[in-house]
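**Student:** Sequence first, predicted coordinates after that:
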Amino acid sequence: MQHNEMIGKVQALAGLPDRGSAERATGAVLRTLGERIAPGLAEHVAAQLPPDLGAHLRAAARDAAYDGRARSAGERFGLTSFAGRVSGRAEVPDDTAVRDSTAVLEVLDGALSPELMDKVAADLSADLGELLPSGRAAGPA
């Protein structure tokens, strides 16, 4: 999926007023997702996205390496912290951040191979699984 198509879908799904809002939301969610999942997995996800969108996940993976975290484990935080991070980055209220996260993850589900999206879902806690499209079960992580 190309960059413009992904941003357009996020804008439509989240009901955002303009492309700039969709760009901010997408970047904030991808960066936060990159922090939450294992850095190695974040790099695999980034490889299947347009380079400018994948850069958000790669930045999170680089920060993890800089901080000395293992490539096999992301930061452990739940839905409240996820929404708070997205909210701060996108400069929107927490409830908007949850809505935008749901839209971005739905678009991501369509952009990634099913096997890779299964790995992402398995690396998320159950409460974060609520952001995923129905049919994707989050693991116990």
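**Tutor:** Nice, thanks for sending it over. Owing to the predicted nature of the structure, the values given are computational and were not obtained by experimental measurement.
**Student:** What residues of the lowest-mean-pLDDT helix or strand in the chain count as buried?
**Tutor:** Least confident helix or strand of the chain, by mean pLDDT, DSSP states H and E, is helix 51-66 with a mean of 87. Going by neighbour count (16 or more other CB atoms under 10 Å), the buried part of helix 51-66 is L53, G54, A55, H56, L57, R58, A59, A60, A61, A64. All C-beta spots, glycine's among them, are computed from the backbone N, C-alpha and C.
**Student:** Distance check, the last one against A22.
**Tutor:** Yep, that's A64 we're talking about. Separation of A64 from A22 (CB to CB, to the nearest Å): 26 Å.
**Student:** And for the first one?
**Tutor:** For L53, the distance to A22 (CB to CB) stands at 11 Å.
**Student:** Could you do the fifth one as well?
**Tutor:** Spatial separation of L57 from A22 under the definition CB to CB is 17 Å.
**Student:** circling back to that earlier point, let me have the buried residues of helix 51-66 in JSON lines, extended by distance to T26.
**Tutor:** Formatted as JSON lines, the buried residues of helix 51-66 follow (distance: CB to CB, whole Å):
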{"residue": "L53", "distance to T26": "7"}
{"residue": "G54", "distance to T26": "11"}
{"residue": "A55", "distance to T26": "11"}
{"residue": "H56", "distance to T26": "8"}
{"residue": "L57", "distance to T26": "11"}
{"residue": "R58", "distance to T26": "15"}
{"residue": "A59", "distance to T26": "14"}
{"residue": "A60", "distance to T26": "14"}
{"residue": "A61", "distance to T26": "17"}
{"residue": "A64", "distance to T26": "20"}
